[in-house]
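1. Sequence below, structure please.
(chains A, B, C and D, ligands or ions: 6)
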Amino acid sequence: MRRVDSLRCSLWGRTFGSPVMLASGTAGFGLELHRMGCLEGVAAVVSKGTTLRPRAGNPPPRVWETRMGLLNSIGLANPGVHHIVREVLPEADSLPCPVIVNVSGDTEEEFAEVVSLLEGSPVPFGYEVNVSCPNVARGGMSFGADPLVVERVSALVRSASSRPFSVKLTPNAGDMAETAMAACAGGADAITVCNTFLGMKVDWRTGRPAMRRGVAGYTSPALLPLVVASVHAVSEAVGVPVLASGGVSRAEDLLELMAAGAEMVQVGSLVLRRPCAAGELLRDAGELLR
Amino acid sequence: MRRVDSLRCSLWGRTFGSPVMLASGTAGFGLELHRMGCLEGVAAVVSKGTTLRPRAGNPPPRVWETRMGLLNSIGLANPGVHHIVREVLPEADSLPCPVIVNVSGDTEEEFAEVVSLLEGSPVPFGYEVNVSCPNVARGGMSFGADPLVVERVSALVRSASSRPFSVKLTPNAGDMAETAMAACAGGADAITVCNTFLGMKVDWRTGRPAMRRGVAGYTSPALLPLVVASVHAVSEAVGVPVLASGGVSRAEDLLELMAAGAEMVQVGSLVLRRPCAAGELLRDAGELLR
Amino acid sequence: MAEPVPVDAAAELVEAEAPLPCVIRQTYRLPSLARTAVPGQFVQIEVQEQGPFPMTRRPLTVSDVDPSAGTFTVVFEEVGGGTRALGRCGRGESRRVLGPLGRGYQTLPGDWLLIGGGMGAAGFPLLSRRVDVRRTLLGARDADHLLEAGCPNVSCATEDGSRGSCGLVTALCEGVDWEEYDHVALCGPLAMMEAVARLIPPGRLDRVQVSTESRMACGWGVCEGCAIPAVDGYLKCCTDGPVIAADRIDWNAWRETLP
Amino acid sequence: MAEPVPVDAAAELVEAEAPLPCVIRQTYRLPSLARTAVPGQFVQIEVQEQGPFPMTRRPLTVSDVDPSAGTFTVVFEEVGGGTRALGRCGRGESRRVLGPLGRGYQTLPGDWLLIGGGMGAAGFPLLSRRVDVRRTLLGARDADHLLEAGCPNVSCATEDGSRGSCGLVTALCEGVDWEEYDHVALCGPLAMMEAVARLIPPGRLDRVQVSTESRMACGWGVCEGCAIPAVDGYLKCCTDGPVIAADRIDWNAWRETLP
Ligand SMILES: Cc1cc2nc3c(=O)[nH]c(=O)nc-3n(C[C@H](O)[C@H](O)[C@H](O)COP(=O)(O)OP(=O)(O)OC[C@H]3O[C@@H](n4cnc5c(N)ncnc54)[C@H](O)[C@@H]3O)c2cc1C
Ligand SMILES: Cc1cc2nc3c(=O)[nH]c(=O)nc-3n(C[C@H](O)[C@H](O)[C@H](O)COP(=O)(O)OP(=O)(O)OC[C@H]3O[C@@H](n4cnc5c(N)ncnc54)[C@H](O)[C@@H]3O)c2cc1C
Ligand SMILES: Cc1cc2nc3c(=O)[nH]c(=O)nc-3n(C[C@H](O)[C@H](O)[C@H](O)COP(=O)(O)O)c2cc1C
Ligand SMILES: Cc1cc2nc3c(=O)[nH]c(=O)nc-3n(C[C@H](O)[C@H](O)[C@H](O)COP(=O)(O)O)c2cc1C
Ligand code: FES
Ligand code: FES
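-> Ligands and ions are numbered 1, 2, ... in the order given. Alright, predicted model coming up:
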């Protein structure tokens, strides 16, 4: 834990005047936001989840706002890494900030395969490895649930990649500090804390869940204290930078996550409501620090 | 998952017209609430955590309200099981509803020891075994983090007890369904889902945590979807009744937890604000069902 | 012509009324949007400026625009917390409005038939200004939910018979000679739209422009939250739609997503 | 006599004013409480009737009562979200009030000295009605935070010198002949109370009644959230206190709990 008196930060040899990154899945590849003039204050965009093959995603409903949060079950809809390397990344090269590509896989090897293909593009600043997605070989249990698997995935990505990468942990699988250490043992250059929490909404009148699969990813600004606790635990356990992700709805939250041990802070759901959230947060945080 | 059209429910051979139980640590032994006339609508009171020896509890601050939740770090302050058997339970015998005694221990054996001593009182309807508390033998890691430990604790309590008991899981340690199955393998007669989430608040101006120990137990009505998901997962995994605990702030929440698979629903933090919450929830739920 | 980039701006509420007991009509000042919005496009309105909830905005169709006054109008029903809170917005207050969003109707020349159910007719006033509407068929639960204003040549049906014929809008459609119209605009609840689509000769479905709805998080294309099942995968309601040709929609798959 | 059981009831706000720029004074109608509350007791006021936040009530000292009018008064400073929201409560609105809570002052006969810092003086008006106050020493940041009303025979100090002498209330205490008073009531920020307690001859600390404060969740004794370090373990501020004899408090341990 530390006092926060500046917004300067650095990641992978680069320094930034803003700690705000855009989280995966809520900013695309930054192109729409760039058109809207909303990339001011953005240190880096983390892209939507990229997989080997194109994925259509889950049947609707895919998003469902609850009283104090948001459920999502997108199913990693994306056009696949080939299309992304060919069509999307070249365009993303014109953004005023770096892009970190978020990657997912159905198997341990697939992560490395996606990364190898991304190595063919000059655009990515680095990668974010989403080990929260379901491991097909283990009956859909998340890769992130087992530190040994996380270490193996990290090591596979490490050998496939010339670029730095962060491993994005899941909060739904025990001790994140332990998993973070496993990721670092495998070669991770940062840890993202963390992906969405498993949540569910059921209609008591019908006995049916709101989302077809029952559980979905849940985000809420009220989860901030859980993320603060995990960021702190992970930052005490590992030497690499911690990228916080979860619960930011105002500048104070940003500063609190930095105080807890985050080098940079990602903003997800808030951007859906406020496309220019990064600039607004940066401005407000600057005022708080003055 | 099921449609909810009635508030009738049953636990351990007893039927109840209300599914509302008062959660551990937010209702004492029910005596204060009884004096205030607030036990209407209460199916059962779960007592504050009882330990072998008296515990003074943690230094203040012990509670800290955040923007959308409440942190607590009470440290299981309680006068110890001997005092409780001698002084408190006899008084609690006059309550209009049964009392389930919540027990904690520093070691696996201590749970059974506390239960044996409680067997000396005719008052308890059953027990709730709080495996979220720190395991002294394992450097303070929660008992609930390891399904094998949970099974052993359950088996020890089972052999010490002539009464039914529930095991109250922690949400901070991986798959609750697996832990629930372990608890049942050890002999548990119900599963309480779940204890508080680890949360933390840090003051970014000073770099110091609000609570002395850093992390604390976090409750918030915005956590309801996490508890709904866990109640569902556990109720699919085990055959014993599931007692939901967490996130109830209105009658709809109560019904949703029942729809997700809870037989009964505990109310914690809400009682701190509204001592007569149980009666209010029962009335509102009845109206919703009409 | 490049599509206009959506703008996020504070818009002042300049007029609010309840044209029907269950319907709210709000007019906001936002000159750029009033100038650029086309029929069938929508806006994402932030329910409250302060506070974290609701976390997402609420999508509402641009019902009409007045470019000279620099205003646009939305018409909506209070169905939940978000629309209820928005309905309490007072004259002189501002809300953040992001728009124009999505692809609207292709406003082609020829004779148009509009078919709307409930709030589905919200967008017809603006559409009626831009195309030749020969006839409008409207259905609603009751007279209190029937949006006739701004629609030419209305025939209507209500489920309780409180206005027009008693029954569903599909009954009105049964008498339609589909050859008479060059274009059809269809907007309403999914079940109603599907029933209507089934009455239309399959060969003419390409001339039916369906204004779709889906739960949305962003509204501007990044979250992939607003999937509409299409014959070739999913379309995004917010950027591929909301107006989608009826023959591109996978009606069976879409119906299955109903609770 | 059995202690009165706290009652949770909706109380109407009948009067609200700002006696000082930074201070709010609210009067609620709640006859049972007006009748039974004793000096030093407090109430737990629910900040908003609707909505889940704040999750806990806010504890405020009963500043005064008017049993014939059936009203009681609280005096507070807006320091955070809860007190700010409560301060916006308008006349005619109601809030749930739970009380009377806690153990108040032992209102013994004899000569009393009251020592208050900031809002610590909030409870002195009621105390002054029930005991013989010879003198009141008050300290505050500035004149805008100084609660003189209802206190007899005031000497005061402000940190900025805007009223009374410039400095801390401890300076005023230095001149006190503690033998002159049979009882002392002490209430204010912990650092101030500790400094004052250190000036008092240890042998007389049993006659000093300290009105303590702690973060609270319930306020009625069940959550164990409001621990005050005492010489023999912890006391619960809400039911063992808030008024506690100075010689029972473990001042060193208490000070260490400050951030
Ligand atoms: C492109 C588009 C245009 C629309 N235009 C209009 C209009 O002009 N007039 C009108 O009355 N309604 C319109 N709707 C529907 C309107 O957006 C919903 O009624 C509204 O979002 C409900 O919000 P709530 O908070 O009141 O309801 P709640 O049910 O409490 O909302 C919970 C969540 O569900 C979403 N939601 C609920 N119902 C719908 C729905 N039918 N469609 C999309 N999301 C929903 C909300 O946005 C929110 O995220 C439109 C929807 C879309 C997608
Ligand atoms: C027995 C008792 C009597 C009190 N009487 C008065 C009074 O008469 N006048 C007055 O102005 N203040 C009084 N206080 C302090 C008052 O309760 C706090 O200022 C108030 O709770 C702050 O709430 P908030 O939401 O505005 O502040 P925040 O800081 O936003 O509150 C966050 C949380 O911290 C708690 N908290 C913050 N400061 C305090 C504090 N000093 N003491 C206890 N809890 C705190 C709040 O209750 C809340 O749970 C009293 C406190 C106690 C315990
Ligand atoms: C609609 C949506 C889609 C998301 N998609 C992804 C994804 O593809 N990959 C990923 O690692 N995280 C994904 N996330 C998680 C976010 O990146 C982020 O970790 C999470 O939303 C918590 O942050 P927040 O509270 O700021 O929203 C998604 C979140 C949302 C709401
Ligand atoms: C102040 C406080 C004290 C608690 N003490 C205990 C305890 O001693 N034993 C226990 O098993 N759970 C304890 N809990 C957890 C509650 O029993 C309950 O599981 C939790 O608060 C979630 O429910 P809620 O959201 O309704 O508050 C405590 C919770 C709070 C807020
Ligand atoms: S609502 Fe986000 S992509 Fe359509
Ligand atoms: S505030 Fe709960 S015991 Fe005192």
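2. Please enumerate residues in contact with the top strand by length along chain C?
-> Using DSSP state E, we find that the single longest strand of chain C is strand C:7-20. Residues from elsewhere that reach strand C:7-20 (C-beta atoms under 8 Å, 6 or more residues apart in numbering or on different chains): A:36, A:274-276, C:24-30, C:32-33, C:49, C:71, C:75, C:89-99, C:143-147, C:149. From N, CA and C alone the C-beta is placed, and that goes for glycine too.
3. buried ones in that strand?
-> Buried residues in strand C:7-20, counted by 16 or more other C-beta atoms under 10 Å in any protein chain shown: C:7, C:8, C:9, C:11, C:13, C:16, C:20.
4. and the residue in the stretch 151-290 of chain A that ligand 1 sits nearest to, how far is that from residue D:236?
-> Residue nearest to ligand 1 within the stretch 151-290 of chain A (C-beta to the nearest ligand atom): residue A:210, separated by 9.3 Å. As for residue A:210, its distance to residue D:236 is 43 Å (criterion: C-beta to C-beta, to the nearest Å).
5. cool, and residue A:89?
-> For residue A:89, the distance to residue D:236 (C-beta to C-beta) stands at 62 Å.
6. what does the stretch 151-290 of chain A put close to ligand 3?
-> A:168, A:195-196, A:217, A:219, A:245-248, A:267-270 (C-beta under 6 Å from any ligand atom).
7. Pull the most distant pair out of those.
-> Greatest spatial distance among those (C-beta to C-beta): A:168 and A:270, at 17.8 Å.
8. higher neighbour count, the two?
-> The neighbour comparison of residue A:168 against residue A:270 (other C-beta atoms under 10 Å in any protein chain shown) goes to residue A:168, with 31 against 24.
9. Identify those among the residues of the stretch 151-290 of chain A next to ligand 3 that sit within strands.
-> Here DSSP E is the test, and those give A:168, A:217, A:219, A:245, A:267 as lying in strands.
10. so what's the fourth one scoring on pLDDT?
-> If you check residue A:245, the pLDDT there is 98.
11. what's the burial count for it?
-> For residue A:245, the neighbour count with other C-beta under 10 Å is 29.
12. what's the spacing between it and residue A:180?
-> Distance, residue A:245 to residue A:180, using C-beta to C-beta: 13 Å.
13. Give the rounded mean pLDDT of the longest strand of chain C.
-> Rounded mean pLDDT across strand C:7-20 is 96.
14. Spell out the secondary structure type for whatever residue of the stretch 101-250 of chain C ends up closest to chain D.
-> Among the residues of the stretch 101-250 of chain C, residue C:217 lies closest to chain D, at 22.5 Å counting by C-beta to the nearest C-beta. Put simply, residue C:217 is coil when judged by DSSP: H, G, I helix; E, B strand; the rest coil.
15. Give me the sheet partners of the following helix or strand past the longest strand of chain C and which way each runs.
-> Following strand C:7-20 in sequence order, the next helix or strand is strand C:23-29 (DSSP states H and E). Here strand C:23-29 is paired, per DSSP bridges, with strand C:7-20 (antiparallel), strand C:71-77 (antiparallel).
16. Output strand C:23-29 as CSV, nothing but the C-alphas.
-> What follows is strand C:23-29 as a C-alpha-only set of coordinates in CSV (Å, rounded to 0.1, in the frame of the first residue of the first chain):
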residue,chain,number,x,y,z
VAL,C,23,-46.8,7.3,-22.3
ILE,C,24,-44.3,10.0,-21.8
ARG,C,25,-43.1,12.3,-24.6
GLN,C,26,-39.9,14.3,-23.9
THR,C,27,-38.3,16.9,-26.2
TYR,C,28,-34.6,17.6,-25.7
ARG,C,29,-32.5,20.3,-27.3
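17. how distant is it from the center of its chain?
-> Chain-centre distance of strand C:23-29: 14 Å, with C-alpha atoms, centre = their mean, to the nearest Å.
18. Check stretch A:239-254 too.
-> Worked out by C-alpha atoms, centre = their mean, stretch A:239-254 lies 11 Å from the chain centre.
19. List the buried residues for it?
-> Neighbour counts over stretch A:239-254 (16+ other C-beta under 10 Å) mark A:240-254 as buried.
20. Then stretch A:281-290?
-> For stretch A:281-290, the neighbour count (16+ other C-beta under 10 Å) marks A:281, A:282, A:285, A:288 as buried.
21. OK, contacts around the residue of the stretch 101-250 of chain C closest to chain D?
-> Neighbours of residue C:217 in contact, by C-beta under 8 Å, 6+ apart: A:26, A:63, A:65, A:70, A:72, A:269, A:272, C:56, C:223, C:225, C:226.
22. thinking again about what came up before, which one of residue A:210 and residue D:236 has more residues nearby?
-> For residue A:210 and residue D:236, the more surrounded residue by other C-beta under 10 Å is residue D:236, and the numbers stand at 24 against 20.
23. for the more buried one, phi and psi?
-> Per-residue torsions, residue D:236: phi -90, psi 120 (degrees, to the nearest 10).
24. any idea how far it is from ligand 4?
-> 13 Å (C-beta to the nearest ligand atom, to the nearest Å).
25. contacting residues around that residue?
-> Counting by C-beta under 8 Å, 6+ apart, residue D:236 has contacts D:221, D:224, D:226, D:227, D:228.
26. The longest helix seen in chain C near chain A anywhere?
-> When chain C is parsed with DSSP state H, its longest helix is helix C:190-199. No - Helix C:190-199 lies out of reach of chain A by C-beta under 8 Å from any C-beta of the partner chain, never closer than 10.6 Å.
27. Is residue C:247 in a helix, a strand, or coil?
-> The three-state assignment at residue C:247 reads helix, by three-state DSSP.
28. So for it, what pLDDT did the model give?
-> Residue C:247 is assigned a predicted lDDT (pLDDT) of 97.
29. which non-adjacent residue is nearest it?
-> residue C:205 (4.0 Å; C-beta to C-beta, 6 or more residues apart in numbering or on different chains).
30. SS state for that neighbour?
-> Counting by three-state DSSP, the backbone at residue C:205 sits in helix.
31. where's it relative to chain A, distance?
-> 21 Å (C-beta to the nearest C-beta, to the nearest Å).
32. and the stretch 1-150 of chain C, which of its residues are near chain A?
-> So the stretch 1-150 of chain C meets chain A at C:5-8, C:46, C:52-57, C:81-82, C:96, C:98 (C-beta under 8 Å from any C-beta).
33. Next step: those residues restricted to strands.
-> C:7, C:8, C:96, C:98.
34. tell me which of those residues is nearest to ligand 5?
-> residue C:98 (11.3 Å).
35. is stretch C:8-28 anywhere near ligand 1?
-> No - in terms of C-beta under 6 Å from any ligand atom, no part of stretch C:8-28 sits within range of ligand 1; the closest distance is 7.8 Å.
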